[in-house]
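[1] Fold the following for me, if possible:
(chains A, B, C and D)
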Protein chains: 2
Amino acid sequence: MNSRAHQAQQDSLSHARDEFISQWGALGTQWGINRTMAQIHALLMTAVEPMCTDEVMESLAVSRGNAHTNLKELVAWGLVRVVVRKGERREYFEAEKDVWKIFTIVARERKRREIDPALAILNKCEEASRGITSPEGKAFHSQMRALREFVGFASTMSDKVAAMKHGMAMQVAAKLIK
Amino acid sequence: MNSRAHQAQQDSLSHARDEFISQWGALGTQWGINRTMAQIHALLMTAVEPMCTDEVMESLAVSRGNAHTNLKELVAWGLVRVVVRKGERREYFEAEKDVWKIFTIVARERKRREIDPALAILNKCEEASRGITSPEGKAFHSQMRALREFVGFASTMSDKVAAMKHGMAMQVAAKLIK
DNA sequence: CATTACTTTCAGATATTACTGAAAGTATGG
DNA sequence: CCATACTTTCAGTAATATCTGAAAGTAATG
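    Next up is the predicted model:
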């Protein structure tokens, strides 16, 4: 391939990558994570080499504070790892690229933030209304119980799925689909 | 039961219900739906009778506009139904109380808002990077493909599960858990 | 122990989202 | 049609979430 054609390919690659980063960031909002965090995740998922804070800042045109906070948040989730290069002081960051690992991490985090607190509330309200004899009281209690049972079930399922290996999950899924 | 004991029960019931509504509302924020919408949902799920806009406004101390908008949003989701009583002009609202139905509705909506748009982006980026010959280009393309395959798979699974009847879903789940 | 090279924090600024309340719209019944 | 009873909309305001940039913190090096 001549150098002009090669350049055209590199251009369309960087265009596609920019598109991915920008759109993934927009999606992040829907998913309840902030735009910058989602953009950094997209940036690092499609980076060949680990990147440092300054590179992230420049690529996305965000402040140091913002880049720093969201990189650390991604590390806290387990979606990004810190890499140190020997002889260098600064930290580099690299994203988990395995889709199944990404899925289990996100599933675990969502369960922690969405399912567990719901379960706590439902347990409390189910308990608090136990033994109330009026019709409204019985209705309330049984509604709390039904919700608690279902959310508890979802919690268990979430754990099971997140603990599965990719192959096993696909095997189970295949049965479900057929 | 004497009337004093009965009153004590009614108090603890309304306390438990208030707690549920308030906490469910706080949770809504985590789930990406606004507090009022989640509170109205909690209110109606634990109401014995359908409620009208004014009753909702008063129970939650919110404005007419807010109550109206969120009631209609809940109706749009399918989590709440409009009920008309004969001889009355105003609309009453009643929540779906069946937990499996609630789950399938929420799953469908989340798929629509979270999975489908992701799939569209990934398809586009996968296409846009097809045939790029540089190593970075190939890496990008295969990352997009892996993500697209996984998200596509999640989309299918979501549809399948949402289409199941409660009993069937539980049967499948039982196998998964054991 | 001073300098350099980074990382971390956070008060204030900005952007986004949600809510209010009043006005406009609509349907029903006399 | 007019009055009444309700529903819907929306401009302005309030609340919340996010981002910036600079200052403070920390650790390695000579």
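[2] Can you pull the residues of chain A lying near DNA strand D?
    A:34-37, A:61-66, A:69-70, A:89 (Cβ under 7 Å from any atom of the strand). In short, each C-beta sits where N, CA and C put it, glycine included.
[3] Next, the contact list for the residue nearest to residue A:129 when sequence neighbours are not counted, please.
    In space, residue A:129 comes closest to residue A:141 once its chain neighbours are excluded; the distance is 4.2 Å by Cβ to Cβ, 6 or more residues apart in numbering or on different chains. Residues in contact with residue A:141 (Cβ atoms under 8 Å, 6 or more residues apart in numbering or on different chains) are A:126, A:129-130, A:132.
[4] ok, so of those residues, who is nearest residue A:112?
    Lowest distance from residue A:112 to these (Cβ to Cβ) belongs to residue A:126, with 21.2 Å.
[5] and the helix or strand bottoming out on mean pLDDT in chain A, which residues are buried?
    For chain A, scoring each helix and strand by mean pLDDT, DSSP states H and E identifies helix A:166-177 as the least confident one, at a mean of 87. Residues of helix A:166-177 classed as buried: A:169, A:172-173 (neighbour count, 16 or more other Cβ atoms under 10 Å in any protein chain shown).
[6] Do that helix and chain B come into contact?
    Yes - counting by Cβ under 8 Å from any Cβ of the partner chain, chain B is contacted by helix A:166-177 at A:172-173, A:176-177.
[7] Show me what stretch A:159-178 is in contact with.
    Here stretch A:159-178 has contacts from A:100, A:104, A:107-108, A:111, B:153, B:156-157, B:160-161, B:172, B:176-177, using Cβ under 8 Å, 6+ apart.
[8] First-to-last residue distance for that stretch?
    The distance separating the two terminal residues of stretch A:159-178, taken as Cα to Cα, to the nearest Å, comes to 24 Å.
[9] So what's the residue count around whatever residue of chain A ends up closest to DNA strand D?
    Using Cβ to the nearest atom of the strand, the point where chain A gets nearest to DNA strand D is residue A:65, with a distance of 2.0 Å. Other residues near residue A:65 come to 9 when the count uses other Cβ atoms under 10 Å in any protein chain shown.
[10] Next one, pLDDT for it please.
    What the model reports as pLDDT for residue A:65 is 98.
[11] From DNA strand C, how far off is it?
    Spatial separation of residue A:65 from DNA strand C under the definition Cβ to the nearest atom of the strand, to the nearest Å is 3 Å.
[12] Report all helices and strands that the helix or strand harbouring that residue contacts.
    Assigned by DSSP states H and E, residue A:65 falls within helix A:64-77. With contacts defined as 3 or more Cβ pairs under 8 Å, 6 or more residues apart in numbering or on different chains; DSSP states H and E, the secondary structure elements packing on helix A:64-77 are helix A:35-45, helix A:53-60, strand A:80-84, strand A:91-95, helix A:99-110.
[13] quick one: it to helix A:53-60, angle?
    With axes from the mean of the first three to the mean of the last three Cα atoms, to 10 degrees applied, the angle from helix A:64-77 to helix A:53-60 works out at 110 degrees.
[14] that older thread, can you turn the buried part of the residues of chain A next to DNA strand D into a ChimeraX selection?
    Selecting the buried subset of the residues of chain A next to DNA strand D in ChimeraX, with 16+ other Cβ under 10 Å as the burial test, is done by:
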select /A:34,35,36,37,62,66,70
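[15] Tell me which two in the residues of chain A next to DNA strand D are the farthest apart.
    Spanning the widest gap among the residues of chain A next to DNA strand D are A:35 and A:89, at 29.7 Å by Cβ to Cβ.
[16] sorry, back to before: for the helix holding residue A:65, what is the distance to the chain centroid?
    Counting by Cα atoms, centre = their mean, to the nearest Å, helix A:64-77 is centred 14 Å from the centre of its parent chain.
[17] what angle sits between that helix and helix A:35-45?
    Angle between the axes of helix A:64-77 and helix A:35-45 is 70 degrees (criterion: the same axes, to 10 degrees).
[18] circling back to that earlier point, which one of the contacts of stretch A:159-178 is nearest DNA strand C?
    Distances from DNA strand C to these, taken as Cβ to the nearest atom of the strand, are shortest for residue A:111 (22.1 Å).
[19] Break chain A into its domains for me.
    Using automatic domain parsing, the domain ranges for chain A come out as A:3-95, A:99-177.
[20] quick one: terminal-to-terminal distance for the shortest one?
    Separation of the first and last residues of domain A:99-177 by Cα to Cα is 20 Å.
[21] residue contacts, residue A:125?
    Neighbours of residue A:125 in contact, by Cβ under 8 Å, 6+ apart: A:140, A:144, B:16-17, B:19-20.
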